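Asks: When you get a sec, could you give me coordinates for this:
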Amino acid sequence: MPRSLAGGDLAVPEMAQPYMKKDDDDEDVEYSPFFGIEKGAVLQEARAFHDPQLDVRRCSQVITKLLYLLNQGETFTKVEATEVFFAVTKLFQSSDAGLRRLVYLMIKELSPSSDEVIIVTSSLMKDMNSKTDMYRANAIRVLCRIIDGTLLTQIERYLKQAIVDKNPVVASAALVSGIHLAQANPETVKRWSNEVQEAVQSRAPLVQFHGLALLHQIRQNDRLAVSKLVSSLTRGSVRSPLAQCLLIRYTSQVMRESSMNTQNGDRPFFDFLESSLRHKAEMVVLEAARKITEMDVTSRELTPAITVLQLYLSSSKPVLRFAAVRTLNKVAMTRPLAVTNCNVDLESLMSDQNRSIATLAITTLLKTGNESSVDRLIKQITNFMSDIADEFKIVVVEAIRSLCLKFPLKYRSMLNFLSNSLREEGGFEYKKAIVDSIVTLISEIPDAKEIGLLHLCEFIEDCEFTYLSSQILHFLGNEGPRTSDPSRYIRYIYNRVILENATVRASAVSTLAKFGALVDTLKPRIFVLLQRCLFDTEDEVRDRATLYLQTLSGEVPIGNDEKDAKDFLFGSFDVPLANLEASLRTYEPSEEPFDISLVSREVRSLPLKEKAAPGKRPPAAAAAPAPVSTVDAYQKMLSSIPEFSGFGRLFKSSEPMELTEAETEYAVSVVKHIYDGYIVLQYNCANTIEEQLLEDVTVCVDASDAEEFSEICSKPLASLPYNSPGQVFVAFEKPEGVPAVGKFLNLLKFTVKEVDTTTGEADEDGVEDEYQLEDFEIVSSDYMLRVAVSNFRNAWENMDPESERVDEYGLGVRESLAEAVNAVINILGMQPCEGTEVVPKNARSHTCLLSGVFIGNVKALVRLSFGLSGPNEVAMKLAVRSDDPEVSDKIHEIVASG
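Replies: Reported below is the predicted structural model:
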């Protein structure tokens, strides 16, 4: 707290007003010093910064108000921000320490433009070399926040000195600034390695912590360097508990990336993790236990970590109990038997005052419990549910659903519990979670169908949520006619027609019609009920009733028989609604009617299919991109060819792809050069027969399977002597900025001339010949550049949240989770970040982070969350953020069509 603001200086009469009205007899009135602040008035007060004799107390109050406005989301115009910035810079003439610290904060918040930064650079550099350590530390933080790469070189010497400063506050400030600067200027920060290494050996805990974080960031793209760093530090040179936690994380990362086998051989890294379980700092012990539980270890190696966590379950500190039970909850998902020894301690936590701890304890018990303990757990949970919030109730409901699928014979007690929960008070999300769970149990456990449907029918008798009523009616229409006694549900359905709103009434009419269509014995009774619906006040209800009556009675001819009518009314709609909507939006009214048959039937959430042929090894998931020098060389070469000089900037060049088998008479590979509106195929040809000379070498490309591409020109090779490589080019035009894909068939044509190997002379007459090459494809990943980001989390948060697109996909049956991860990485062609492409053995869930640049130079980030939803059935949640929302949609389309 600045000195001038300490002791309640802000609580002056004009600022200290109650911000919450309370009863007169309530003595505890809360005050806010910022109640009623307006931007215009505060900007007027900022004129005090120009006074010849500065009032430190008043200036501090004004800056505090400005900071409050900025942090509340108030936006300043360019003119206002500039005026405030220049006014604040005048406060550097004051020597008051508290005011100076507020000035630093204000400059950071205003984020001045490059031409304004120069104004304060000299003042900040002066403070950076001040004798006052507090000035130095804050000046370093501010300066590194506002300067660009050109100014960084001017202060680099001072920053390197600050890193090894004796004052830990100054050293930490310089290290933290280095972590931020490394994102935009990694090459500059790499030059500080020696100073940062010295900081890692510091006795100050925070300096060692920040030094280790920066040193790892500098070396993170060099696996060998990171491994050496971890190996040197695990010998005991780290004293700071925070740094020790970081080291544990880096150690587990190195072990995961190197796929180290912990069952045999030298295990210094695992021994370090195990020794950390005996550390005196609780945070270190918890971090080590958490990392060990995440690894693929034997039961014997897992036991020490579980034992430590079990001890913390009975700790007097809530945070330790929470951390321990949360970790055990994750372990129970994959190795429930390992946690069973903790069940007694977990049961005692069910009555914990902290509801988060109690909820985690219950869900953990549900995962580790056996069939005989299910009824007892359900009874205990019933008394517990009324005391927790909806968000915790949802977690419990999901855990019960998983337990019921695990022990299907216990479905009666589970359904009774869920049904009772439906009758209790709760919000929409909670009730939806229960309904979804009952629907899942009905779908997965045939014996539970009739009981579950009756529970749902009883719920819609008093359901306040239109969405849930409609969902249940739809499900009832699909499942009810196939039960032993469908007539028992008609009363519940028709009650909705009488008592509910128009939306639910329309859903009930459709459900009645399904029963009439699928159950012949009920059709006369259904006709009577539908005829009553013809007098409804809502036209949607009347229209549906009319359609169903006429269709079921045969008055409207649809197809050849009654089955066609049923399929028309209740069959699955084969056109995705999203595609239909998009087609309708682009349809322009004309004499030609809208043709639904032209709408794409491609569903976005199709299961992914592996494109690699059986027996072929898939390409590496994280193949390094072509070096920049190679791309530049391609750009220079293609620009020098007149036919391609007008194509613009080359976006990407692929790795060479072999089109011939090894040791054949001719060797041909292809490089795909990607432009915004063109594709140039470069065929690298080599003649391996000494007695032949090839002339007029061309490649005939059949692009009939690549409809979006049209060939515009080609550049043949005049001569191809023995052992002298040459290139043939073929260029295609495609829609600009569109990731067009297709298959290309290739045929090498040439004229063969015999060569006298003694003289090297070729015959004048030649013979035309051809050679069949392998086919290849232009795929979606060809339009994505692999570009890494140094800090994925920061990059993700800096992306516009409005560009985020999230969807879920079923990937079908896979050999392993790792195989599914690699398949998606290959389809997208993006760069894995932070080693997340490596999936731990026996993992049932995994998160992979990807980054790249899409064609058009659009940055894109992807979060992939994988999970096993059944025996080798992999489900995936895909979240995308990019500079252009359309690109986010395109990435989803690529995955859906993959």
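
Asks: contacting residues for Phe776?
Replies: Met657, Leu659, Val670, Lys743, Phe744, Asn746 (Cβ atoms under 8 Å, 6 or more residues apart in numbering). In short, each C-beta sits where N, CA and C put it, glycine included.

Asks: does the spatially closest residue to Ser553 that is not a sequence neighbour sit in a helix or strand, and which one?
Replies: Of all residues not flanking Ser553 in the chain, Phe527 sits nearest, at 7.4 Å (Cβ to Cβ, 6 or more residues apart in numbering). Assessed by DSSP states H and E, Phe527 sits inside helix 523-532.

Asks: And for that helix, what's in contact with it?
Replies: With Cβ under 8 Å, 6+ apart, helix 523-532 has contacts from 487, 490, 494, 497, 509, 512-513, 515-517, 545, 548-549, 552-553.

Asks: what's the closest of those to Leu215?
Replies: Val509 (68.6 Å; Cβ to Cβ).

Asks: Can you check the pLDDT for the closest one?
Replies: The score at Val509 is 93. That number is its pLDDT.

Asks: Any chance of the backbone angles for it?
Replies: phi -60, psi -40 (degrees, to the nearest 10).

Asks: Now for it: which residues touch it?
Replies: Counting by Cβ under 8 Å, 6+ apart, Val509 has contacts Val497, Leu530, Cys533, Val541, Arg544, Ala545, Tyr548.

Asks: got it, and Ser227?
Replies: Residues in contact with Ser227 (Cβ under 8 Å, 6+ apart) are Val254, Ser258.

Asks: For it, give its distance to Tyr250.
Replies: Separation of Ser227 from Tyr250 (Cβ to Cβ, to the nearest Å) stands at 9 Å.

Asks: can you check Val874 too?
Replies: 29 Å.

Asks: go on, Glu80?
Replies: Using Cβ to Cβ, Glu80 is found at 45 Å from Tyr250.

Asks: Kindly report the same for Thr298.
Replies: From Thr298 across to Tyr250, the span is 23 Å (Cβ to Cβ).

Asks: For Ala332, give me the pLDDT.
Replies: pLDDT at Ala332 comes out at 85.

Asks: returning to what we had before: following the chain onward from the helix holding Phe527, which element is next?
Replies: Proceeding N to C from helix 523-532, the next assigned helix or strand is helix 539-553, under DSSP H and E.

Asks: in what helix or strand does Arg863 lie?
Replies: strand 858-870.

Asks: so what does that strand touch, helix or strand wise?
Replies: helix 792-798, helix 817-828, strand 845-854, strand 873-882, helix 885-897 (3 or more Cβ pairs under 8 Å, 6 or more residues apart in numbering; DSSP states H and E).

Asks: quick one: strands adjacent to it?
Replies: strand 845-854 (antiparallel), strand 873-882 (antiparallel) (DSSP bridges).

Asks: I figured Leu748 hits Ala686, correct?
Replies: No: using Cβ atoms under 8 Å, Leu748 makes no contact with Ala686, being 11.4 Å away.

Asks: where do the contact lists of those two overlap?
Replies: In contact with both Leu748 and Ala686: Tyr666, Val668, using Cβ under 8 Å, 6+ apart.

Asks: higher neighbour count, these two?
Replies: Using other Cβ atoms under 10 Å, the more surrounded residue of Leu748 and Ala686 is Leu748, with 21 against 15.

Asks: Name the nearest residue to that one, ignoring sequence neighbours.
Replies: Nearest to Leu748 is Tyr771, by Cβ to Cβ, 6+ apart, at 4.3 Å.

Asks: Tell me how many other residues surround Cys496.
Replies: One thing to correct before we go on: residue 496 is Arg, not Cys. What Arg496 shows, counting by other Cβ under 10 Å, is a neighbour count of 25.

Asks: List the contacts of it.
Replies: Ile460, Ser469, Leu473, Val504, Arg505, Ser507, Ala508.

Asks: returning to what we had before: and Thr298 and Tyr250? Which one has more around it.
Replies: Tyr250 (23 against 9).

Asks: Would you indicate which residues of the strand or helix carrying Phe384 are buried?
Replies: If you go by DSSP H and E, Phe384 is part of helix 374-385. Of the residues in helix 374-385, Val374, Leu377, Ile378, Ile381, Phe384, Met385 count as buried by neighbour count, 16 or more other Cβ atoms under 10 Å.

Asks: Identify, from the residues you listed, the entry nearest to Ala281.
Replies: Closest to Ala281, out of all of the buried residues of helix 374-385 and judged by Cβ to Cβ, is Phe384, at 33.6 Å.
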